[in-house]
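# just a sequence and a predicted model for now, questions to come.
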Amino acid sequence: MKKLAKYLLFTLLALLLAAWLLLTLFDANRLKQPVLAWLNEHTDLDASIGNISFNPLHPHTLLAEDVRLGEWFNARQVYVQLETLSPLSGQTRIATLDLIDAKLQLDDAIELALPDNLANIHVEELTTKNLSLDWQGWQAKGADLTLRDWQPRLDGHWQWGADVKLNGQARQLTQPNLEMAQLTFHGQVRQQQLQLTELKSRLFDGLFESNVIVNWPKQQLTLNAPQFSRNQLQFEHLPELASGWSLLINKAVLDKVSITSPVLTSNNISGKLRYLDWAAGGLPDASGKWQADEAVMDWLRLDKHQGELLSSKQQLSLNINGQAYEGDVTSELSWHPDEGRLDIDSLALHNNKFVWQPEMSWPLPETRLHKLSINNGELLSLDPNLPLSIIGGELFVNDIAWSAGQWRALSKQARAEANWNEVAFNSLIVRQGKTKAKLDDTHLWLTELSGDALEGQIALSGKLSLYPPYVGKAQLIGTALSLRPLSRWLKADRNFSGQADINAELSGDLEDRASWQGQVTLSGQEIFIEKFGLDNWLSQRLREDYAQAKTVDAKLAALDLNQGDSFIDQLDLQGPISQGRWQLDGSALQSVRYLLALRGEVDLTGGWQLELGAINDKGCRELAITLDETWRAPKLTLHQPKLVSPCKPWYQGKVPYPKSGLSGGILEGVRSLQLDKEL
């Protein structure tokens, strides 16, 4: 018996040793190829596996390396610990599933067709280490996740959005308009909603913290009490929601946030957003308050300011108070996107200094200006097409709209009033000016425009139709006007100076000078004209023989006139305007030596038909000059008519004969002077 017991004991020990050696030498990789072949034949996994570590003594534990499923999943290591595997009942419970250095392309993922004995899969705990995930433009990198109590498969159907508890962190989360880093979060998926009770991350170089709910069935993202701190939000394009999605924000706090986008740039924003409800394709319902150091939209700029926002899907309302262009601004604005219209309900500017650049333009097609008030404003235009500056400007505008390239009235109270210390257009300056205007449905009424201009006084009033044809009526009165600044402003070929008075009443189509009607009186004193030697030219013509009318080359005559300058002591041009023709009967000018009278008409469209005469001290014409055809190519005819005694006066106007003029016949006097010089 003792020998038998010893034999059995040694036999048992040998069997145990052999079994231990067999299990130790077992290589699970030998089963890999047939198992993978069976899986790929009976499923859509398209799987491949590198090395497998498996111990039959622990049949529920498996470590696989270099795992790949098609083109959408790969991992350096996958560790699986089964809790229950009941093929007959179709129940599979995984105690632990670890994914190490995994990459998941959800857009390319396929619906795995698994055998019926894998109809129910429950995961007690799934963890990832350094997971990379891509889905519909979203990318997550370096994600360490923990999912607990998750059942991704039930009754043979996948339910990836099944309830699960989760927490974790990620190195980076990006989307074309969003970049987040160093994320930490915890929460759950419940009833197909991702509910994160806390999410913290770095967002655009700042901090972000919020309660987050993503409701996939309703396509809705909700942020509860989010906090943005020192974020520098940068958008190459304006943010857009995916089609069908909406964004809800409740009680957001902003602390020193900056925004850079193609439309708006703003720095150091702090404030509270009470609520925001934004659906794709329209304005949000929103309410909030903020303050910022700077905001720039196109060429519009605000410095330190406070604002309040109230928005609906049809209208965005803004109240803004602060500093702009070195002054103060207070405004109430509303934007109507469906109509492309901005309503300026109230805008008050004080001590502002504005610089207009050549590339600037008003960006909106329609603007309604209900109330505008400017006090002590300044404007400097750097646009060569608009050489304008204003100092000490005051402006009040009420109920006026800009639409379709023109102004129109919003009510019977539509009006504008302005005062200024100085307005300079190029070299033309008007000081201590004021103006009043009003609009109705058809006309702009300029009830007053006056100021100190050209070292004298100027006043303008009238009306102009708002729609073509632009028919208007105006009255202009200018007193003691200096002509030298006008010469500089016009950049005339011949400089001129002196003093003039003007009184004009005109009516007609602004763009059709042939329709103009009215009366113009222009008088001047001590007028100097450079390169217009009128006296010398007249003296030369009087010496020559024009007993018969002769046509003179107008270009040669112009060259002769260029040889000297003129001093006109008095000038009087007056007469009615009919059908664009200015009738100048009774007009004359007095030079140093001659009195030159004018009759006929000037066609304001570019021609003339004038009779001029060199008048002696009896009012009779001794040299007749005819100007015909166009201004630029006139026809010039000279004639020395025979005088009878007593002669019949050709001019009896108010311009007197020059004190230095020749007594008696000027024709004989000039020739006598010439003869004396020759002797």
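Great, that's in hand. Bear in mind the structure is a predicted one, so any value in this text is a computation, not a measurement.
# can you show me the strands along the stretch 51-200 of the chain?
Here the stretch 51-200 of the chain has its strands, by DSSP state E, counting those that start in this stretch, at 52-54, 61-69, 73-86, 91-105, 120-129, 131-135, 138-154, 157-158, 164-175, 178-190, 193-203.
# mind putting these into TSV with mean pLDDT, mean neighbour count and distance to Pro363?
(Each C-beta comes from the backbone N, C-alpha and C, glycine too.) Converted to TSV, the strands of the stretch 51-200 of the chain look like this (pLDDT from 0 to 100; neighbours: other C-beta atoms under 10 Å; distance: least, C-beta to C-beta, whole Å):
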stretch	mean pLDDT	mean neighbour count	distance to Pro363
strand 52-54	75	16	66
strand 61-69	85	17	53
strand 73-86	85	16	50
strand 91-105	91	17	43
strand 120-129	92	18	49
strand 131-135	92	17	38
strand 138-154	92	17	34
strand 157-158	83	12	52
strand 164-175	93	17	29
strand 178-190	92	17	28
strand 193-203	94	18	30
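# residues contacting the residue nearest to the spatial centre of the chain?
Nearest to the mean C-alpha position of the chain, by C-alpha atoms, centre = their mean, lies Asp298 at 3.9 Å. Shown in contact with Asp298 (C-beta atoms under 8 Å, 6 or more residues apart in numbering): 263, 363.
# quick check: the gap between it and Asn120.
Going from Asp298 to Asn120 by C-beta to C-beta, to the nearest Å gives 61 Å.
# Asp101 now?
Counting by C-beta to C-beta, the gap from Asp101 to Asn120 is 29 Å.
# same check, this time on Leu238
47 Å.
# sorry, back to before: format the strands of the stretch 51-200 of the chain as TSV; extra columns: distance to Leu444.
Shown next, in TSV, are these (distance: least, C-beta to C-beta, whole Å):
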stretch	distance to Leu444
strand 52-54	90
strand 61-69	76
strand 73-86	73
strand 91-105	66
strand 120-129	72
strand 131-135	61
strand 138-154	57
strand 157-158	73
strand 164-175	53
strand 178-190	51
strand 193-203	53
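# among these, which comes closest to Gly586?
strand 178-190 (82.2 Å; C-beta to C-beta).
# sheet partners, orientation included, of the closest one?
With DSSP bridges as the test, strand 178-190 is paired with strand 164-175 (antiparallel), strand 193-203 (antiparallel).
# ok, and what's touching that strand?
With contacts defined as C-beta under 8 Å, 6+ apart, strand 178-190 is touched by 161-174, 194-204, 208, 212.
# that one to strand 138-154, inter-axis angle?
10 degrees (axes from the mean of the first three to the mean of the last three C-alpha atoms, to 10 degrees).
# roughly how far apart are Trp608 and Val602?
5 Å.
# and if you look at Leu238?
Leu238 is 59 Å from Val602, by C-beta to C-beta.
# so for the two, which residue has more residues nearby?
Val602 (22 against 10; other C-beta atoms under 10 Å).
# give me the three-state assignment for the more buried one.
strand (DSSP: H, G, I helix; E, B strand; the rest coil).
# wait, what's in contact with it?
Counted by C-beta under 8 Å, 6+ apart, Val602 has contacts 581-582, 584, 608, 610.
# from the residues you listed, which is closest to Asn503?
Trp582 (13.7 Å).
# where does the closest one fall, phi/psi-wise?
phi -90, psi 110 (degrees, to the nearest 10).
# next one: the residue nearest to it when sequence neighbours are not counted from Leu627, what distance?
Take Trp582 and drop its neighbours on the chain: the residue closest to it by C-beta to C-beta, 6 or more residues apart in numbering is Val602, 4.5 Å away. Distance of Val602 to Leu627, given as C-beta to C-beta: 9 Å.
# what sits in contact with each of the two?
608, 610.
# ok, Arg671 touching Arg543?
Yes - Arg671 lies in contact with Arg543 (C-beta atoms under 8 Å); the separation is 5.8 Å.
# any idea which of the contacts of Val602 is closest to Ser461?
Trp582 (21.1 Å).
# still on that earlier bit, CSV for the strands paired with strand 178-190, including distance to Lys555?
Below are these laid out as CSV (distance: least, C-beta to C-beta, whole Å):
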stretch, distance to Lys555
strand 164-175, 76
strand 193-203, 78
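# the ones you listed: which one's closest to Ala557?
strand 164-175 (80.4 Å).
# so how many other residues sit close to Leu302?
21.
# leaving out sequence neighbours, find the closest residue to it.
Per C-beta to C-beta, 6+ apart, closest to Leu302 is Ala295, 4.4 Å.
# does that neighbour sit in a helix, a strand or a coil?
Assignment for Ala295 (three-state DSSP): strand.
# so where do the strands sit in the stretch 301-450 of the chain?
Going by DSSP E, counting those that start in this stretch, the stretch 301-450 of the chain shows strands at 305-311, 316-324, 327-336, 341-350, 353-356, 366-381, 388-403, 406-409, 415-425, 428-439, 443-453.
# and the angle for the second one with strand 341-350?
Taking the same axes, to 10 degrees, strand 316-324 and strand 341-350 form an angle of 20 degrees between their directions.
# buried residues, strand 316-324. List them.
Buried residues in strand 316-324, defined by neighbour count with 16 or more other C-beta atoms under 10 Å: 316-317, 319-324.
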